[in-house]
Structures are given as C-alpha cells and as structure tokens.
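Participant: Return a 3D structure for these sequence lines:
(2 chains)
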Amino acid sequence: MKRLLTLLLILFLIYPFIILLSHGYQLSLPDMDRLLVVGAWSVIQSALSASLSIGFGVVGCLGLFSLRSKLVLKGSQLALMLPSFIPTLFVVLSYINVLDFLGASLFGLHSVIICHVLVSCGLVAVLLHQQVSHKLGNYCEIGLVSGAGRFIFFRKVFLPLMKIELLALWFFVFSMCFSSFTVPQILGGRTPLSLDVLIYENIKIYSDMGKALGVVVVQFLCVLTLVLLFKKPKVKAKPSHKSMKILSFRPGLFVGLFLTAVIIFGDFFGVLTGFVKLYNSQIDRELLLGFCVNTAFISLMSGLLSLLLLMITAFVCESRRVSQLMMAFIAPSGVLVGFSLLLGAEFLAPEWRVILGFLMINTSVLYRMGMYSYLQLIRPQLVLARVASAGVGLTFFRVIFPQVFTKALHLSAIASFWAAGEYTVSTVVSESDFTLALWVKSLMASYRLPEATAASWAMIFIGFLCYLFFQGASSVFSKKTL
Amino acid sequence: MSLVKKLYKSFNLNSGGSFTLDIPQWEIPDSGITVVSGPSGSGKTTLFKILIGLEECKGMSWVHDGEDLSLLPVEKRRLGVVFQGENLFPHMSAAENILFSAQARGVSKHEAQKKINNLVEQLKLKSCIDSNTSVLSGGEYQRVSLARALVGAPRVLLLDEPFSALDTDTRKGARELVKDIVQLYNIPTLLITHDDEDTFALADTVVKINQGRIQ
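Facilitator: Okay, here's the model as predicted:
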C-alpha cells in the first residue's frame, strides 16, 4: 500500500516530464536566432532583477535588525513578504495603476525588472535576516564588545561571511526571474523577456508544439543548472538579538515597507469605480459571477487536494529516501506544466487541468514550507512506534495523523489562497477566460484598469475566504486534538 | 575597586518556572583575577552577559574608575572579552582578527602592529599568527582570542569558561599563561567558571554564585 502510494505520488509529480518525453518525437529545433536573443534578454533581465533585489533586500534586512519588539518584527516581516505571497498578477496590476497615475512608460525591460524587485526584495530581506541571525549572532557579539562600528563590521565581517548566502540568494532570485511568466508576459513588450514567454508564444501564437517543446528542453536544462549551482547555506549558532544591533539600520526598514505600501496603495486605484462599472454592466456582472464561482471551485479543490497529497506525503515520507526526493524535487515551471496538460489531458475540463497543474507545481513547495520540519520532529516517535511493533496503519492513524493534520490544513489554506490567483497554467490550458485571474488580464489588456482592479480584489477576497475556511478547520481540529 | 549595584534580573525559563539573578551590591577588586564560580544554571553566564551589556538590566550600575559602565553601550564599554565558544572570525587569519579589534577601538595601524608584535611574543603566537583560524589548535585558538581581547587596552578582562574546550594538558599551560598575562598587563579580570581547578590555580578573589545570588 505504502509503496503503491509512493509510486503514484512520484508519478503525479513527474507527470509533466513523462508527457513531454512521450511527445519527444514531435520535438523540433527552435529558431536559434530568436532563442539566443530571448535567452540573452532573459539572462540580462534576471541578472538585473536579482542584483537589485539583493541590494534592496540587504537594506531591508539591516532595517529589520533595528527592531526590538518581537511583535513589530513579526509584523514587519509579514509586511515585507506580502508581495511575494499574494498573486503576482495583483502586484503587476498595482504597478500598472501607479505608473498610469504617474503617466510613465509601462512596457519594457525596466518594468519587468521593477516588478520582479517589488515581488522579491522583501522575501530576500526576511530570508537574509534569518540567515544572518543564525550565522552572525556570535560574531556580532564579538564585533560589539570589540567596539567595532556598523560600517567596519558590515565591510569586514558581514560581507565576507555572508557572501555565500548572498550568492545563493542571488541564484534563487535569478532562477525565479528566469522562469518567471506573468510579469514578462504582461509587462515585457514585444520581445519576450523570459523563455517561458517564448514557449507560450510558440504554443499560442504560432501553434508550433515541436518548437515549443524544443524551448521547453532548453529552459528546463537552464533551470536545472541554476538549481544545481544553488548551494543551500548551512545554518548554525543561536542568535542573540541584543548583539545584532551592530547591524541595525532603521531607514532600511522604511525602504522595504515603502515598496510594500506602493503595491497595496496601487491596488486601491479606481477600485470603487471599477466595482460600480462592473455592477452597471449586465454582461460584466454575469461574467464576474461565473468567474467567481469557477475561481472559488479551483481554490477550494486545490486546497482539499493539497491536503490529501500532503497527508499522503506524511504517510509515505517515513522513508528517508522519499523525504529527500521531496526536498530535492525541482517543480517544473507553470508554462511547462500547462503545456504537458495541454498535450496529455485534453479530455479534462480546464478547471481540473488548472487544479492538477497547480498541485504538480506546489505540492513539493508546500512540503518544503512546513511539512518536512514537522515530520522531522516526530521522526523519533516513528522509530519508537516501530520498536513497539506498531503496524503502518496504526502508526499513521495514532501517531502521524493527529499531529500532522493541523499543519497540513494550515498549508492547504495557503495553497487555496495561491490557487485563487493562479494565472500561468490557466493561460496555457485555456483559449478563453474562465477564472478571475484570466479575466483580470483581459481587462488589463483592453485597458479597463478600474474594472481589472475590482476583479483582482474579488480574486483576493475569494482566495482569502477559502484560506479562512481551511485555517478555521485547522484551529477547530487543533482544539479537538488538545 | 569597581562597584556593581542593584543587579536584578528575573526571567521565565523554557522548562517552566522562573529564575532570578539578584545581586544588591558587589565589589570587584581593581587588580588580579576574580573568579566567579558556581554550578550550571546558577546565573554565571547571565551575569557575564549583563556586565558586557549583551543582556539588559534596568536600574543596575557598574561604577569603574568613577565611570558608570552600565550607562555606556556595549561597544563603548571597552571590555576585553573571551567567550566560551566562538571568539574569532573564521574568514580572517589570527593576525587579521587581532588587527580587527585594534582598528575597531580606533588604534592606529602603526600602534596596532606594535601591540600585535608584543602580544605575539607574550602569548607565543609566532607559529600561528598568519594561519587561518580554522586550522588553529584549541590552545592556539584560545591564545589568539586572548590577544584579540587584550589588543584594545580593555578596562576589565572578562573570560567565560575560557578553558572548557581545551584538553587537560593544554588547560594547565593556558591557565599559567592567563595568570602571567593578567599580572603583566595588570588588568582587573573576571573569570567565570564551574571548574574548581580553575579557581585553585587562578583566583586572587573567589566569588561563589548559586541560584542567582552571590554567597
């Protein structure tokens, strides 16, 4: 039973690769000139986005060290991470609203870079803050008692000791931007600024599956190389908050929070007008209602199936090998998954294709986000159960399930929120709009920005409701098990 | 004589219950080695961190040479500190570590070099001064840590279990070296330890601490 489930889980996760391999006979060489041009622009775009994100991230990280209250620190971290947590489409729309308000030029490399920086610099700040706290805690104490100033410590200790982590974060952001789709597709202008957009163009505009498959292979090899280059930094030593003040730089926090504020502020532009316009048009009203239902369905089903898959991983991940596989698994990009579903699951309704695509991309992400560390915590109990001769079923239902289910529900809540804003897979698998995210894009394309903003808030609202549903279930269950 | 007053700190323990460090008044001699000894969990490390300024302790005062050190931020207290664990930056050589501390205290490069040369001789660091800290032996690491603590002309030297990571033979030599250096530099030294042998070998004054109180 356990082996069968493990096999099914692995097959599900690698489904896109299986489908693409089985269609290998269709593969044709992509247009090399175009591939080189797009590849070069992708590298430039990603390198600049990553460098700027790291720059702003470092400043934000130093800002976080100026906070003494744990509550304020937690709140600031959440605020900084917000842009990378909410659907990218929401950030893009906000950026367009702000630029439209300022009358600035919208499309092109600069916009893609700025948007990528808006999405990732807060995340970089928070990740770096954790790594610095862990790695430099003791050295900050030495620096402080030695009487070192902030600048000398930053130059002589922070930069040399954190260079591997900074490089790893740079690669992380670079690979995120390199395989980014939503931002370059909407803001990129005529030349595709990522290979994913080129794949999309080959599928949707030129209907050339062979060439699309060729670019998929190139893109996957590039991402694989990046992931292999990415070295996960080791975490050691216990932080001592007081000593970290040697790195504190309060203005840095304001820079980070300002960027988040820009995103939130931008999404309030014309929201009321947008709702009024949507309400006054009967066609739009009906469309809105239909898309809301579809989005809610996708969001709820994605949450439920994420829960199921997470519990299956909890069941099978007692084996260290499976656990390692889940940790090391490189989820394919949204376009690649959408493409594989287009080739191998034509018989399914688009909603189900989106749900399955979402799960293929995000199951390993959710596992890494919280499930892994939780399962590590209960691993000694599993050994204890085995020593006590408990069977697989008994161990699962009496040891794993009661302890892991609440955590899995919490992760499913996050999954359902993300699923409400799913755009990449949806746009590849369907010819027409059927979710709020796709409709938001269409409204943006026809420059109906207030309506797009209103629809994007509806999308966030539905995602939030589904999040609350799972989160509520999580707290009910945790009270029951207490 | 330096005088610590109203050192009071209470906090909750992770294991449940609470711990209180309560030292209404404590006179620390201006010379020699004062050993603060006590069992694990007696409050030694908390006391050490409060004196350095890494832990907050509202209302306390530590008057040394007419100046209240508790009012100064950590970096301005000018204390020489050797921690129990890591003491040296791993990406620098022994010399660079010592130089870093000198520069941090605003010692000129020329003056710092002179001081380092003296310390190299006094602490027998010639063979390892250019080595990376990752290849130093336990004894060498401890001597470089001491040099780093001394180079900035500290008011007081604070050592937290400085010999705990050393093997028995090295420990004996290290104790003798610390005693000699303290005499040579005539710096008031506070040594935190739970090892009675450290107390017998080094103490000019012994302060026993138990359950957060000096006895």
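Participant: just checking, A:L325 touches A:T6?
Facilitator: No - in terms of C-beta atoms under 8 Å, A:L325 does not count as a neighbour of A:T6; the distance is 9.2 Å. Where you see a C-beta, it was placed from the backbone N, CA and C, and this is true even at glycine.
Participant: Could you count how many residues lie near B:E75?
Facilitator: 21 (other C-beta atoms under 10 Å in any protein chain shown).
Participant: residues in contact with it?
Facilitator: By C-beta atoms under 8 Å, 6 or more residues apart in numbering or on different chains, the contact list for B:E75 reads A:L144, A:V145, A:S146, A:G147, A:A148, A:G149, A:I246, B:A104.
Participant: Make sure it is indeed in a helix.
Facilitator: Yes - following the definition DSSP: H, G, I helix; E, B strand; the rest coil, B:E75 is counted among the residues of a helix.
Participant: picking up where we left off before, show me which of the contacts of B:E75 is closest to B:K124.
Facilitator: The shortest separation between B:K124 and any of those is 22.4 Å, and it belongs to A:S146 (by C-beta to C-beta).
Participant: just checking, the closest one touches B:G152?
Facilitator: Yes - using C-beta under 8 Å as the test, A:S146 is close enough to B:G152 to be in contact (6.5 Å).
Participant: Give me the common contacts of the two.
Facilitator: Common neighbours of A:S146 and B:G152, counting by C-beta under 8 Å, 6+ apart, are B:S101, B:A104, B:R105.
Participant: So which of the residues you listed wins on neighbours?
Facilitator: With neighbours set by other C-beta under 10 Å, the maximum within these is found at B:S101, which has 25 neighbours.
Participant: buried set for the helix or strand hosting A:C292?
Facilitator: With elements taken from DSSP states H and E, the one containing A:C292 is helix A:282-316. Under the neighbour-count criterion of 16 or more other C-beta atoms under 10 Å in any protein chain shown, helix A:282-316 has A:284, A:287-288, A:291-292, A:294-307, A:309-316 buried.
Participant: cool, and stretch A:467-482?
Facilitator: Under the neighbour-count criterion of 16+ other C-beta under 10 Å, stretch A:467-482 has A:Y467, A:F469, A:F470, A:Q471, A:A473, A:S474, A:F477 buried.
Participant: Out of the residues you listed, flag the one nearest to A:L99.
Facilitator: The nearest member of these to A:L99, counting by C-beta to C-beta, is A:Y467 at 29.4 Å.
Participant: which residue packs closest to the residue of chain B found nearest chain A, ignoring adjacent ones?
Facilitator: Sorted by distance to chain A under C-beta to the nearest C-beta, the residues of chain B start with B:A104, at 3.7 Å. Take B:A104 and drop its neighbours on the chain: the residue closest to it by C-beta to C-beta, 6 or more residues apart in numbering or on different chains is A:A148, 3.7 Å away.
Participant: and what of A:M244?
Facilitator: Distances taken as C-beta to C-beta, 6+ apart place A:F65 nearest to A:M244, at 4.9 Å, with adjacent residues excluded.
Participant: distance of the one you found from A:G252?
Facilitator: Shown here: A:F65 relative to A:G252, a distance of 8 Å by C-beta to C-beta, to the nearest Å.
Participant: Strands of the chain, residue ranges please.
Facilitator: I went with chain A, as the question did not name one. For chain A, no strands turn up when DSSP state E is the criterion.
Participant: That was the other one, I meant chain B.
Facilitator: Assigned strands in chain B, in chain order: B:2-12, B:18-28, B:33-37, B:61-64, B:67-68, B:79-82, B:156-160, B:189-193, B:205-210, B:213-214 (criterion: DSSP E).
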